[in-house]
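*Asks:* just the structure for this:
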Amino acid sequence: MLDGVLFFPVTPFGPDGEVDYDRLAEHINRGVAAGPGGVFVACGTGEFHALGLSEFGEIVRRTVETVAGRVPVFAGAGGSLVQAKEFAASAKANGANGILLLPPYLVTMPPAGLVEYTRAVAQTTDLPVIVYNRSNAVFDEAGAVAVAQLPTVIGFKDGTGDLDNVSRIVIAVKAALVGTGKDFLFFNGLPTAEITQQAYRALGVTLYSSATFAFAPELALAFYNSLETGNTELTEALLREFFHPLVRLRNKVPGYAVSLVKEGVRMEGIAAGPVRAPLVDLTDEHRAELARITAAGRAVLTDSLATV
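*Replies:* Numbers count the residues shown, from 1 in each chain. As a prediction, this is how the structure comes out:
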């Protein structure tokens with residue numbers, strides 16, 4: 001159902017702070033034209049945490065309308081159990097092809113409770129569900145196996161970076177599903193996933209979310225293709241000149257994993273507007289640094305083409 005680079009768009013806001021649905025459609029259309037394997041709208045990069053239910057529904061509807069069947073559209077859902085069910089139902093009503101189930105808000109929980117949370121939301125809709133292993137919502141092997149066996153759960157996205165746990169989960173889930181005929185997907189969901197993707201591929205996790213695709217799809221696609229073809233020289237050049245500097249900038253301010261992407265979208269000519277509180281926009285110094293980093297990444301591609 002999903003392959004290639006996955007597109008996580010931002011949610012544009014206008015000068016009045018409201019969602020700018022026309023700019024959203026422009027952003028989505030430009031991104032899909034670049035060739036992703038799927039669109040994940042109103043998720044972490046799309047500031048799901050800052051959206052109301054009615055805004056979310058219209059975002060999903062406009063995205064589905066714009067994508068027009070070219071690739072699958074997944075939408076975020078999460079929060080309290082009641083809220084997660086409401087968002088899941090809205091995603092279905094507005095035409096999404098699946099759900100990325102984000103961690104519940106604030107509370108910590110044992111894996112058994114996380115399984116029940118997932119089960120309750122999954123029963124709300126027949127849409128395919130991908131669970132997100134991150135922050136306060138961390139599965140163990142038994143929990144991952146339990147949710148993988150739910151009829152509509154089709155994937156597991158890791159945002160912890162705990163490769164020990166991920167390795168055990170991948171092997172346990174694969175073993176549990178032997179003979180069932182069920183296809184199950186594993187994703188690297190760390191921020192700026194490219195910097196860890198070589199390690200995840202060694203565990204059999206070939207899918208990953210690319211925030212970079214939202215503003216520099218040619219860099220995201222070049223990196224993905226370098227991994228697929230074994231072009232280690234290009235992989236390392238893109239890491240050295242673009243992705244590693246991007247992460248160093250990202251780590252300077254909490255929340256920059258989203259703010260940097262939105263600024264990148266603005267740099268590419270789409271008026272994406274500011275981030276919503278409690279996130280903050282980039283300083284002028286950091287905007288200039290992002291522009292330099294992006295230019296350095298594109299120079300790598302220019303040099304690569306020149307040597308072909």
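*Asks:* list the contacts of the longest helix along the chain.
*Replies:* Identified as the longest helix of the chain according to DSSP state H is helix 284-306. By Cβ atoms under 8 Å, 6 or more residues apart in numbering, the list of residues contacting helix 284-306 from outside reads 215-216, 218-219, 222, 234, 237-238, 241-243, 245-246, 249, 252-253, 256, 260, 263-264, 267, 282. Every residue, glycine included, has its C-beta placed from N, CA and C.
*Asks:* try stretch 77-94
*Replies:* Identification of contacts with stretch 77-94 by Cβ under 8 Å, 6+ apart yields 48, 53, 56-58, 60-61, 64, 75-76, 99-105, 117, 120-121, 124-127, 132.
*Asks:* which residues sit against stretch 240-259?
*Replies:* Under the criterion Cβ under 8 Å, 6+ apart, external residues in contact with stretch 240-259 comprise 10, 44-45, 47, 191-192, 194-195, 211-212, 219, 223, 260, 275, 278-282, 286, 289-290, 293-294, 296-297, 299-300.
*Asks:* chain center to it: distance?
*Replies:* On the basis of Cα atoms, centre = their mean, to the nearest Å, stretch 240-259 is displaced by 16 Å from the centre of the chain it belongs to.
*Asks:* what are the buried residues along it?
*Replies:* Residues of stretch 240-259 classed as buried under the neighbour-count rule (16 or more other Cβ atoms under 10 Å) are 241-243, 245-247, 249-250, 253, 256-259.
*Asks:* which of these sit farthest apart?
*Replies:* Among those, the pair separated by the greatest distance (Cβ to Cβ) is 241 and 258, at 22.8 Å.
*Asks:* and the longest helix of the chain, how far out from the chain middle?
*Replies:* Taking Cα atoms, centre = their mean, one finds the center of helix 284-306 at 22 Å from the center of the full chain.
*Asks:* buried sites along that helix?
*Replies:* The neighbour-count check on helix 284-306 (16+ other Cβ under 10 Å) flags 286-287, 289-290, 293-294, 296-298, 300-301, 304 as buried.
*Asks:* and if you look at stretch 125-144?
*Replies:* When neighbours are counted by 16+ other Cβ under 10 Å, the buried residues of stretch 125-144 are found to be 125, 127-134, 137-141, 143-144.
*Asks:* now, which of these lie within helices?
*Replies:* 141, 143-144.
*Asks:* can you tell me the helix or strand for the spatially most central residue of the chain?
*Replies:* The centre of the chain sits closest to residue 209, judged by Cα atoms, centre = their mean, with a distance of 4.2 Å. Residue 209 belongs to strand 207-210 when assigned by DSSP states H and E.
*Asks:* contacts for the helix or strand following that strand next, please.
*Replies:* The first helix or strand that comes after strand 207-210 along the chain, using DSSP H and E, is helix 217-229. Helix 217-229 has contacts (Cβ under 8 Å, 6+ apart) with 4-5, 7, 31, 34-36, 194, 197-198, 201, 210, 212-213, 231-232, 234-235, 238, 242-243, 294, 297-298, 301, 304.
*Asks:* in helix 217-229, what's buried?
*Replies:* With the criterion 16+ other Cβ under 10 Å, helix 217-229 contains buried residues 217, 219-224, 226-227.
*Asks:* which one of those residues sits closest to residue 271?
*Replies:* For residue 271, the nearest member of the buried residues of helix 217-229 is residue 217. The distance, counting by Cβ to Cβ, is 18.5 Å.
*Asks:* state the distance from that closest one to residue 155.
*Replies:* Using Cβ to Cβ, to the nearest Å, residue 217 is found at 22 Å from residue 155.
*Asks:* what subset of the contacts of helix 217-229 is buried?
*Replies:* 4-5, 7, 31, 36, 194, 197, 210, 212-213, 231, 234-235, 238, 242-243, 294, 297-298, 301, 304.
*Asks:* which members of the buried residues of stretch 125-144 are positioned in strands?
*Replies:* Among the buried residues of stretch 125-144, the members falling in strands are 129-133 (criterion: DSSP state E).
*Asks:* the helices in the stretch 151-300 of the chain, which residues?
*Replies:* With helices called from DSSP state H, counting those that start in this stretch, the stretch 151-300 of the chain shows them at 163-177, 197-202, 217-229, 232-238, 244-250, 256-267, 284-306.
*Asks:* for those helices, which one sits closest to residue 112?
*Replies:* Closest approach to residue 112 among these (Cβ to Cβ): helix 163-177, 15.3 Å.
*Asks:* hey, where'd the strands end up in the stretch 51-200 of the chain?
*Replies:* In chain order, the stretch 51-200 of the chain shows strands spanning 73-77, 98-101, 129-133, 153-158, 185-188, with DSSP state E, counting those that start in this stretch as the criterion.
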